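Asker: Kindly return the folded structure for what I paste below:
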Amino acid sequence: MKVIVTGATGYVGGEVVRQAIADERITHVFALTRKPLPEDLAKNSKLTVIEHKDFSTYPPELLAQLAGAEACIWTLGGRAYQFPDVETARKVSVDYTLAAAKAFIDVLAPQLPEPQKFRFLFCSGRWAEMDEKKNMRMLADTRRIKGQVEKGLCDLADANKDKLEIWAVRPGAIMRKYAGLMNLLTANTTGFIGLDHLAKAMLTIIVNGHKDRIIETEELLKI
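Answerer: Below is the predicted model of the structure:
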């Protein structure tokens, strides 16, 4: 499978790229990124690095470079408080993600042999909330924004049932494999997941699919 990965210079996306390169089920990786990747990755023959500055738009020449892609793992974004303001967080997390999904539906999905659908996996977050009116005391902006993305993707998939299938994973605290005794004691418990486990689980979902669109940490730990 040929897979697009966004957020490839980030914490989760970087691990997804590394795991994808090592995964025999993945035949090629397109890293769609604003910044160059580390040299050890960029030189890998299984990887094509495509630098793209404006994730709100997907011109024909960019989509031509992604020809043959069958799926996308979207890890671009973050928590609302990591951005200058909520509107910027919403633009990056919601607008960019849905703009990409729409472009892939219009251009990449029709290139696949029937009845294959384009697959889109969004790295969301624990406690994401699709109900924008729900009263939330903790991480309200982040949870609403992640929920908006999930709902938007579900709506797109429902409107394009012959072209798109989507999943959203909701990891809790994400821990590096070798990050000290505390991580070893708490990893793979409720709300915690190892970075390498998360990346491998996302790749398995994008290759094999999953019965549920929304996949919580507890289910990710079983994959």
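Asker: okay, CA-based contacts and neighbour counts for the rest of this
Answerer: Noted.
Asker: where along this protein do the strands fall?
Answerer: 2-6, 28-33, 47-51, 71-74, 118-123, 164-170, 173-175, 192-194, 214-216 (DSSP state E).
Asker: Ok, which of the ones you listed comes nearest residue 140?
Answerer: Among the strands of the chain, strand 164-170 comes nearest to residue 140, with 15.4 Å by C-alpha to C-alpha.
Asker: Name the surrounding residues that touch the closest one.
Answerer: The contact list for strand 164-170 (C-alpha atoms under 8 Å, 6 or more residues apart in numbering) reads 105, 109, 117-128, 150, 153-154, 156-157, 202, 210, 212-217, 220.
Asker: For PyMOL, what selects the buried ones among those residues?
Answerer: Burial among the contacts of strand 164-170 is assessed by 16 or more other C-alpha atoms under 10 Å; the matching PyMOL selection reads:
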select buried, resi 105+109+117+118+119+120+121+122+123+124+125+126+127+128+150+153+154+156+157+202+213+214+215+216+217+220
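Asker: What residues does the closest residue to residue 176 other than its chain neighbours make contact with?
Answerer: Distance criterion C-alpha to C-alpha, 6 or more residues apart in numbering; nearest residue to residue 176, sequence neighbours excluded, is residue 195 at 5.2 Å. By C-alpha under 8 Å, 6+ apart, the contact set of residue 195 is 12, 15, 174-177.
Asker: Same check on residue 9?
Answerer: 33, 35-37.
Asker: Identify the residue nearest the geometric centre of this protein.
Answerer: Closest to where the C-alpha atoms of the chain average out (C-alpha atoms, centre = their mean) is residue 74, at 2.3 Å.
Asker: show me what contacts that one?
Answerer: 5-7, 13, 97, 120-123.
Asker: As TSV, those with pLDDT and distance to residue 69 would be great.
Answerer: As requested, those are exported to TSV (pLDDT from 0 to 100; distance: C-alpha to C-alpha, whole Å):
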residue	pLDDT	distance to residue 69
5	98	10
6	98	13
7	95	17
13	96	17
97	98	17
120	98	11
121	98	13
122	98	16
123	97	19
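Asker: nearest to residue 23, of the residues you listed?
Answerer: Residue 23 lies nearest to residue 5 out of these, by C-alpha to C-alpha, at 14.1 Å.
Asker: What residues are bridge-paired with the closest one?
Answerer: Beta-bridge pairing of residue 5 under DSSP bridges involves residue 31, residue 73.
Asker: My read is that it contacts residue 13, right?
Answerer: Yes. Between residue 5 and residue 13 there is a contact under C-alpha atoms under 8 Å: 6.9 Å.
Asker: So, low pLDDT: which residues of the protein?
Answerer: Along the chain, segments meeting pLDDT under 70 span 131, 133, 136, 177-191.
Asker: And the helices in it, which stretches?
Answerer: Remark: helices assigned in the chain by DSSP state H are 11-22, 39-42, 60-65, 86-90, 96-103, 140-159, 181-186, 195-208, 217-220.
Asker: List the buried residues of the fourth one.
Answerer: Along helix 86-90, these residues count as buried under the neighbour rule (16+ other C-alpha under 10 Å): 86, 89-90.
Asker: re earlier: can you tell me which of the contacts of residue 195 are classed as buried?
Answerer: 12, 15, 174-176.
Asker: I'd like those laid out as CSV, including distance to residue 64.
Answerer: Below are these laid out as CSV (distance: C-alpha to C-alpha, whole Å):
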residue, distance to residue 64
12, 26
15, 26
174, 34
175, 36
176, 35
